[in-house]
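> This is a predicted model, with the sequence first.
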Amino acid sequence: MEKSCSLLVHFDKGTPALANEIKEALEGNDVSAKIDAMKNAIMLLLNGETLPHLFITIVRYVLPSEDHTVQKLLLLYLEIIDKTDGKGRVLPEMILICQNLRNNLQHPNEYIRGVTLRFLCRLNEVEIIEPLIPSIMSNLEHRNPYVRRTGILAVMSIYKLPQGEQLLVDAPETIDRFLLTEQDPSAKRNAFLMLFNCAQDRAINYLLTNVDRVPDWGELMQMVVLELIRKVCRTNKGEKGKYIKIIISLLNAPSAAVVYECAGTLVSLSSAPTAIRAAASTYCQLLLSQSDNNVKLILLDRLNELKSSHKDIMVDMIMDVLRALSSPNLDIQRKTLDIVLELITPRNVNEVVLTLKKEVMKTQSGELEKNGEYRQILIQAIHSCAIKFPEVASTVVHLLMDFLGDNNVASAMDVVVFVREIIETNPKLRSIASHFLKLRVAFLTIKQCLGDLPFFSVSEEEEAADSTKKPQLTNSTTISSRKPVILADGTYATQSAASETAFSPLTVVQGSLATGNLRSLLLAGDFFLGAVIACTLTKLVLRLEEVQPSKIEVNKASTSALLIMVSILQLGQSSVLPHPIDNDSYDRIALCIRLLCNPGDAVRNIWLKSCHESFVQMLLDKQLRETEEIKAKAQISHLQPDDLIDFYHLKSRKGMSQLELEDEVQDDLKRATGEFVKDADDANKLNRIVQLTGFSDPVYAEAYVTVHQYDIVLDVTVINRTKQTLQNLCLELATMGDLKLVERPQNYTLGPESSKQIKANIKVSSTETGVIFGNIVYETSNVHERTVVVLNDIHIDIMDYISPAVCGDAAFKTMWAEFEWENKVAVNTIIMDEKEFIDHIIKSTNMKCLTAMSALEGDCGFLAANLYAKSVFGEDALVNVSIEKQADGKLNGYIRIRSKTQGIALSLGDKITLKQKGGS
């Protein structure tokens, strides 16, 4: 087993100093050379060298030195050398050190005394410490506070040793008296800490005796008081009332650290509304007063925890939390809005929306770099408020309409989605949409943005045709032939065009860019937009027929719409643009033309009613998913039939404060609702036991694997199945992947047919499937050779690290485009039904399906769905499943996995490959 080490020094790689060189430098009179030599000696010892002959040289030439640096390095050297032999007995030459340490403890210089006392804090050899006890105790009365406070630490360390109570019989009593007279804050803190660790009853007695002076104590002392209160209240819950009063008094302390610890202690000890309200108010005050962004994020995490367990109290603090939006940091603003949106009620929604509107107006100033992103999350927050509380929608629609032309495309898209949804869910706002004048204005606006027709002249087409014969004269650039494309349904595709040529705006019609964005985009070749324009114009004409009795006006509008559609088709089939119109857009525009030429009631019903009903169904699905998520978050706990119910009204209230009464009520409520009872999942525990050796092996071993975020704990049970004693038994483990063993293995002696529990801690640094392997090595008394038993491998599953998560469609598409690691898995399964296959993949990968269930219904033979999960390390995992049913009934297609890191993409792909066939 490796030695424990209390010292860590940076060691530059290079040519190490030789022992002879160090010895020569130590024997010389040059102090700086001695300092360098001592440093080299310490570094060599820390890196595994022994240097056995150096000790006598140091005793002769370094011990007498009066230089402070040399003396400090001498103590570091003494700290790391072996002071005992193989049997644990102190080496005889260590007696030479005792006299020097005694002299240092009585040295006239305070620094020498202090560093020597600090050295004694890390000394475990009782034989060396015992002769020094009188000198150590005398330093508690030294005039310098540095010596006194290090002396107390030395007393505490010695008292904690196995034989410490015999060495320092009256230490607690001495420190107790010391506390009454000491004035230095640090020394008082160390003395109180010593009583807290070694004589808790005396610490409690001192605290309760001086309870009125606690607010005047120093910051360090107050922190130890809070730690003592937490420890005492966990062991004796009946007395926490008097300690909570101390915590309340410390909430006004000048130190931010003390105030933060007070709030955390209050929440952990009490559920009384007064205590929770005080803690929440404290967190909000710190949120405004602290300038460090990391501190603000930690405080928001604490408020988020309070929101989960005490939502009714946090609702009253919503405006205080909203003040955190004054921070320019986007992460802080986003986290603040996430908390606030779950605390909105009909009573406070108007205040919240008013604040959010003011923040939106501030983003127009352009002072901050990320105004566009901040405006986007504010618009999403207002959207959420308006959907939950439709009465505020009318107050925000007109404000947000100003941002429809925002430079931030994502922000403008959010406004469009918001307006579309809010008009559907709010009939009062929808009533104006069918008015004749509004329809006419909308029609004329589209015409104005498209500009004059046609989009090109015959002479321009001839010039474009000539230019194709002379490619060297054409102002164009060639773009990569393979380009990732995200389709409208969110699926991933690759363009198969041999090449794509992007023409500069000089080849389009003169003056086209000044006419409007729609014309510019059409002339750039965006024919999907052309299809959308055609559908919009068709619906406007059909709507106009319903509200306009004059056939002349309707025919004018219909003719204008047909002219625009035909012009778009001509543009798509001309040689002016680098590539022709795609088939889907062509068919869509042609359908619109046929519809306007031959309108019928059945077709009109499909376009005006069925499409609207599909949109309404989409909104209902969205609301249903949100409702299910809220229900899933709600913690449902029940009281067992035979549990004891303690009636609060029958209790004695004598001597109890209001806070204690509230705390008792809350505890009773928790017991009644079962919050104190957490049933363990025994079946799940059995699933985590891994057999490491066979039943016929001389040593049987099995491991219980516990995965907790960044740590894996292996609780290994080792059983000796032989009649012999196994000596130097060692569990040797090694890892593959991003796993790292924390400690070195120890040797054990295992008697005949006895067992041993061995724990091994492993650190995890990323979401990647890892493997733990190793063996058990032991010796027997009869055979001097070591016996090795190879263990079965333990596979750490990626499913232990990822959990289902939710993100918006826009965020999913953005991440899909940004993430560089992709793993493409071909579908190979015996499952015949598309929906059943998707459900199987979701269950196997522990992911969340972002595609609405209604979109997965039906029997068309095609299915595309997006899945999303998040790891404990904050990594995003995106999965797109695109499958098709073949003529023989089998499923065919691909599953694409994208992530920011390679590990999660590969591990998730391996998991899907293993599970997709339909096996367990």
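It's in.

> so residue 131, which of the three states?
Following DSSP: H, G, I helix; E, B strand; the rest coil, residue 131 is assigned to helix.

> and it, how many neighbours?
By other CB atoms under 10 Å, 13 other residues sit near residue 131. For glycine as for every other residue, the C-beta is placed from the backbone atoms N, C-alpha and C.

> per-residue confidence at it?
In this model, residue 131 is scored at 89, pLDDT.

> cool, residue 658 as well?
57.

> Residue ranges in the stretch 801-920 of the chain under the pLDDT threshold?
Within the stretch 801-920 of the chain, the segments meeting pLDDT under 70 span 917-920.

> Which parts of it are strands?
Secondary structure of the stretch 801-920 of the chain (DSSP state E, counting those that start in this stretch): strands at 802-804, 821-826, 848-849, 862-871, 876-885, 891-899.

> Name the stretch among those that sits most buried.
Mean neighbours per residue, mean count of other CB atoms under 10 Å, is largest over the strands of the stretch 801-920 of the chain for strand 876-885, with a mean of 23.

> which strands and helices sit next to it?
On a contact count with 3 or more CB pairs under 8 Å, 6 or more residues apart in numbering; DSSP states H and E, strand 876-885 meets helix 809-818, helix 834-845, strand 862-871, strand 891-899, helix 902-915.

> sorry, back to before: in CSV, list the strands of the stretch 801-920 of the chain along with distance to residue 781.
Formatted as CSV, the strands of the stretch 801-920 of the chain follow (distance: least, CB to CB, whole Å):
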stretch, distance to residue 781
strand 802-804, 50
strand 821-826, 54
strand 848-849, 59
strand 862-871, 50
strand 876-885, 54
strand 891-899, 54
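
> circling back to that earlier point, with distance to residue 30 added, can I get the helices and strands packed on strand 876-885 in TSV?
Below are those laid out as TSV (distance: least, CB to CB, whole Å):
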stretch	distance to residue 30
helix 809-818	61
helix 834-845	68
strand 862-871	57
strand 891-899	60
helix 902-915	54
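
> Of the ones you listed, which is nearest residue 308?
strand 862-871 (17.9 Å; CB to CB).

> can you list contacts of that closest one?
Strand 862-871 is contacted by residues 489-491, 767, 801-807, 812, 834-835, 838, 841-842, 845-851, 855-856, 876-885, 904 when judged by CB atoms under 8 Å, 6 or more residues apart in numbering.

> Against residue 104, how distant is the residue lying closest to residue 27 once chain neighbours are set aside?
Spatial nearest neighbour of residue 27, excluding adjacent residues (CB to CB, 6 or more residues apart in numbering): residue 61 at 5.3 Å. With the distance defined as CB to CB, to the nearest Å, residue 61 ends up 17 Å from residue 104.

> For those two, indicate the residue with more neighbours.
Using other CB under 10 Å as the criterion, residue 61 and residue 104 rank with residue 104 on top: 22 against 18.

> hmm, who's touching the helix or strand containing that one?
Element membership of residue 104, judged by DSSP states H and E, is helix 95-105. For helix 95-105, the surrounding residues in contact (CB under 8 Å, 6+ apart) are 59, 63, 71, 78, 112-113, 116-117, 119-120, 128, 131-132, 135-136, 138-139.

> just checking, which of those belong to helices?
In this view, the contacts of helix 95-105 that belong to helices under DSSP state H are 59, 71, 78, 112-113, 116-117, 119-120, 128, 135-136, 138.

> helix or strand for the residue nearest to residue 529 when sequence neighbours are not counted, which one?
Closest residue to residue 529 apart from its sequence neighbours, by CB to CB, 6+ apart: residue 521 at 5.4 Å. Using DSSP H and E, residue 521 sits in helix 517-523.

> Against which helices or strands is that helix packed?
In terms of contacts (3+ CB pairs under 8 Å, 6+ apart), helix 517-523 is packed against helix 436-450, helix 512-515, helix 527-547, helix 551-573.

> Which of those has the lowest mean pLDDT?
Mean pLDDT is lowest for helix 512-515 among these, at a mean of 40.

> circling back: mind putting the ones in helices among the contacts of helix 95-105 into CSV with neighbour count, pLDDT and distance to residue 543?
CSV is the format used below for the ones in helices among the contacts of helix 95-105 (neighbours: other CB atoms under 10 Å; pLDDT from 0 to 100; distance: CB to CB, whole Å):
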residue, neighbour count, pLDDT, distance to residue 543
59, 15, 85, 102
71, 20, 89, 94
78, 19, 87, 93
112, 20, 92, 94
113, 23, 92, 94
116, 28, 93, 93
117, 28, 93, 90
119, 19, 91, 89
120, 24, 91, 91
128, 18, 87, 97
135, 19, 92, 99
136, 21, 92, 94
138, 12, 92, 99
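
> And the contacts of stretch 833-847?
In contact with stretch 833-847 (CB under 8 Å, 6+ apart) are residues 799, 802-804, 827, 829, 831, 848-849, 856-857, 861-863, 865, 867-869, 877, 879, 881, 883, 885, 891, 895, 908, 911-912, 915-916, 918.

> And the ones in helices among the contacts of helix 95-105, which two are furthest apart?
The two members of the ones in helices among the contacts of helix 95-105 with the most space between them (CB to CB) are 59 and 138, at 25.3 Å.

> now residue 603, nearest residue through space, not along the chain?
Sequence neighbours aside, residue 595 is the residue nearest to residue 603 in space, at 5.7 Å (criterion: CB to CB, 6+ apart).

> How many residues are close by the one you found?
By other CB under 10 Å, 19 other residues sit near residue 595.

> Specify the local secondary structure of it.
On the three-state scheme (three-state DSSP), residue 595 is labelled helix.

> That one: what's it in contact with?
538, 603, 607.

> Weed out the non-buried ones from those.
Those of these that meet the buried threshold are 538, 607, by 16 or more other CB atoms under 10 Å.
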